[in-house]
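Enquirer: Structure for the following, please:
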Amino acid sequence: MHVTHTEQLTDYPHVNIFRAEFEHEGHEGQWLYVKRKLDIPDDLPNAVAIIPMLGDRVVLIRQFRVPVGDYVLEFPAGLVDPGYGVADTAAKELKEETGLTLEEITHVSPALYNSPGLSDETAVCVFATCSGTPCTHHSEAAEDIEILTLTAEEAADLARRDDVKMDGKCWMLLHAALAMTR
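Expert: Reported below is the predicted structural model:
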């Protein structure tokens, strides 16, 4: 399979829609997909998700997400801005969304595709320890965030529930974070 033509259909700062034409064994087709920011180096991910531990508690956020039309549980995260690296972005986003200070990065995943059938967006997962008192004073005006600090037992119970809207990465990373603390 190979892509024969690509056309950008929108022009926005953070996300754009593209149409690709492809050919596979004599079959021609089209695919619409979303592409993230174009102004960061190819060796950086588009986004960083932070799995912060505050002592023996894991920190999550409950954030209103417009596409879902509801609140979703997730880890603090954000896009990598020009001039920022993974560690800088993790520290900035953790402070902005939770008021906490990143103390130490303990593990960083490779760049992972979030939804490769829909988008080329990549994100790394940064496991970190943090300090401070949770607050939302640093959040952007468009963010509606509640901070949760959970014990391992509370997080495990939350991950077992099916009545909570949760980011897919959050569900999987909750289990990974809990395993790393044992």
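Enquirer: Contacts only, for the residue lying closest to Leu79 once chain neighbours are set aside.
Expert: Nearest non-adjacent residue to Leu79, counting by CB to CB, 6 or more residues apart in numbering: Ala47, 5.2 Å away. (Each C-beta comes from the backbone N, C-alpha and C, glycine too.) The contact partners of Ala47, taken as CB atoms under 8 Å, 6 or more residues apart in numbering, are 36, 77-80, 114, 121-124.
Enquirer: Mark which of those residues are part of strands, please.
Expert: The members of the contacts of Ala47 that map onto strands under DSSP state E are 36, 77-79, 122-124.
Enquirer: quick revisit: bridged to the residue nearest to Leu79, which residues?
Expert: Leu79, Ala123 (DSSP bridges).
Enquirer: Mind pulling the model confidence for Ala177?
Expert: In this model, Ala177 is scored at 59, pLDDT.
Enquirer: If we only consider the ones in strands among the contacts of Ala47, which is nearest to Asp163?
Expert: Checking these against Asp163 with CB to CB, the nearest one is Ala77 at 23.1 Å.
Enquirer: Next, the closest residue in space to the closest one that isn't next to it in sequence: secondary structure please.
Expert: Leaving aside its sequence neighbours, Ala77 sits nearest to Ala49 (CB to CB, 6+ apart; 4.2 Å). Here Ala49 is strand, with the state taken from DSSP: H, G, I helix; E, B strand; the rest coil.
Enquirer: just the one 10 residues further on next, same as before
Expert: Reducing the assignment to helix, strand or coil with three-state DSSP, the entry for Val59 is strand.
Enquirer: OK, contacts around it?
Expert: By CB under 8 Å, 6+ apart, the neighbours of Val59 are 52-53, 75-76, 98, 100, 130, 134, 147-150.
Enquirer: which residues in the chain form strands?
Expert: Using DSSP E, the strands of the chain run over 2-8, 15-24, 27-36, 47-54, 57-65, 70-74, 77-79, 101-108, 112-113, 122-131, 145-150.
Enquirer: And the ones you listed: which comes nearest Met172?
Expert: Closest among these, once you apply CB to CB, is strand 122-131, at 9.2 Å.
Enquirer: Just the CA trace of that closest one, in CSV.
Expert: Coordinates of each C-alpha in strand 122-131 appear next as CSV, following Å, rounded to 0.1, in the frame of the first residue of the first chain:
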residue,chain,number,x,y,z
THR,A,122,1.9,10.9,18.9
ALA,A,123,2.3,11.2,22.7
VAL,A,124,4.8,10.1,25.2
CYS,A,125,3.8,9.0,28.7
VAL,A,126,6.0,10.5,31.4
PHE,A,127,6.0,8.8,34.8
ALA,A,128,7.0,11.3,37.4
THR,A,129,7.1,12.2,41.1
CYS,A,130,5.8,15.6,42.1
SER,A,131,5.4,17.9,45.1
